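Chemist: got a predicted structure here, sequence first:
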Amino acid sequence: MNKVEEIIKNKRTIIENKKKNISTEDLKRKACDFKSTNSIKYEFQDKLKEDGCSLICEYKVASPSKGHISNLSLEEIIRIYDKCPVDAISILTENLYFNSNLKNLKNAKKFTSKPLLRKDFFIDEYMIYEAALNDASCVLLIEGITPDIEEYLNITYELGMDAIVECHSIEDLLNVEKYNPQIIGVNNRNLKDFTINLETTKELKEFIPNYMISESGVKNIRDAQTLKSYGADGVLIGSSILESNNKEVIESYLNDLNHVLK
């Protein structure tokens, strides 16, 4: 069993336990009521309509490929992102390998008004309703992992949220193109062996008619410039920002990233 399979197995157990406390239908009802009072809709996608390439920064304290990444608290990281020219914020909520949880998504909203992406392995519609109830503006749906992209897109849109449909290959794009997803996330990381290839963004760009966000693999300013030159409408960056525990260094890096992306 590889790491992704372990994550999914663990996720299923967690969700089934949650359903014992509150059913899918009850959670759906709560999410619909909550989102009906939220006047801001599709705010994540709006950030991709501005000039240049949007900067999406991630809260991620650990990962399968790097292990422990950052010693800074959620509040410290989100306050930095809120202060700096960051367009949107991604919050990892997976616990087994990323050492995070849903509470971090809810708590992040205390420190910023910027759009929040819930980044996780969505294997049950239950997780979409959770995202809505915890102030997410967007969710990540992974082709090959999310069981029904079309259904999950419809649920997400009905709740007034955006969705990034993550693809890793041309085959993935062909599988989802009939659903006309408004945002495609191209993951430059191979989920089987966790290797990185930025050329994946370049290869897939010509097959994407709508917005494209390039995910994973930005180690420095040059990498960000490269992905922008490949046509990315947004770049999602996590580890290279958080590897420094120095707030001033992080702020300087974010300002430099914004400069080359705009």
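Modeler: Alright, I've got the coordinates.
Chemist: for the rest of this, base every contact and every neighbour count on C-alpha atoms.
Modeler: Noted.
Chemist: mind listing the strands in the stretch 101-250 of the chain by residue range?
Modeler: Here the stretch 101-250 of the chain has its strands, by DSSP state E, counting those that start in this stretch, at 116-119, 138-142, 162-167, 183-187, 211-215, 234-237.
Chemist: for E58, find the nearest of these.
Modeler: With Cα to Cα as the measure, strand 234-237 is the member of the strands of the stretch 101-250 of the chain nearest E58 (6.0 Å).
Chemist: may I have that closest one exported as PDB, CA atoms only?
Modeler: What follows is strand 234-237 as a C-alpha-only set of coordinates in PDB (Å, rounded to 0.1, in the frame of the first residue of the first chain):
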ATOM      1  CA  GLY A 234      -2.000  30.900 -10.700                       C
ATOM      2  CA  VAL A 235       0.800  29.200  -8.900                       C
ATOM      3  CA  LEU A 236       0.200  27.300  -5.600                       C
ATOM      4  CA  ILE A 237       3.300  27.200  -3.400                       C
END
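Chemist: ok, which stretches of the protein are helices?
Modeler: 3-21, 24-36, 43-46, 74-83, 102-108, 126-133, 149-158, 170-176, 199-205, 221-229, 239-242, 247-261 (DSSP state H).
Chemist: chain center to the fifth one, what's the gap?
Modeler: Helix 102-108 sits 14 Å away from the centroid of its parent chain (Cα atoms, centre = their mean, to the nearest Å).
Chemist: to I142, which of the helices of the chain lies closest?
Modeler: Per Cα to Cα, nearest to I142 of those: helix 149-158, 8.1 Å.
Chemist: show me what that closest one is packed against.
Modeler: helix 126-133, strand 138-142, strand 162-167 (3 or more Cα pairs under 8 Å, 6 or more residues apart in numbering; DSSP states H and E).
Chemist: tell me which residues in that helix are buried?
Modeler: For helix 149-158, a neighbour-count test (16 or more other Cα atoms under 10 Å) marks I149, Y152, L153, I155, T156 as buried.
Chemist: is it possible to get TSV of the helices of the chain that adds mean pLDDT?
Modeler: Below are the helices of the chain laid out as TSV (pLDDT from 0 to 100):
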stretch	mean pLDDT
helix 3-21	95
helix 24-36	94
helix 43-46	93
helix 74-83	98
helix 102-108	96
helix 126-133	97
helix 149-158	97
helix 170-176	96
helix 199-205	96
helix 221-229	97
helix 239-242	93
helix 247-261	96
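Chemist: these: which one's closest to Q182?
Modeler: The nearest among the helices of the chain, by Cα to Cα, is helix 43-46 at 8.3 Å.
Chemist: which residues touch the closest one?
Modeler: With Cα atoms under 8 Å, 6 or more residues apart in numbering as the test, helix 43-46 has contacts from A88, P115, L116, L117, S137, C138, M161, D162, I183.
Chemist: in that helix, what's buried?
Modeler: E43, F44, Q45.
Chemist: out of those residues, who's nearest K205?
Modeler: Nearest member of the buried residues of helix 43-46 to K205, counting by Cα to Cα, is Q45, at 17.8 Å.
Chemist: how near is the closest one to I15?
Modeler: 28 Å (Cα to Cα, to the nearest Å).
Chemist: so what's the most centrally placed residue in the chain up against?
Modeler: Centroid check for the chain by Cα atoms, centre = their mean gives K119 as the closest residue, at 3.9 Å. K119 makes contacts with S90, I91, L92, T93, E94, V139, L140, as judged by Cα under 8 Å, 6+ apart.
Chemist: by neighbours, which of those wins?
Modeler: V139 (28 neighbours; other Cα atoms under 10 Å).
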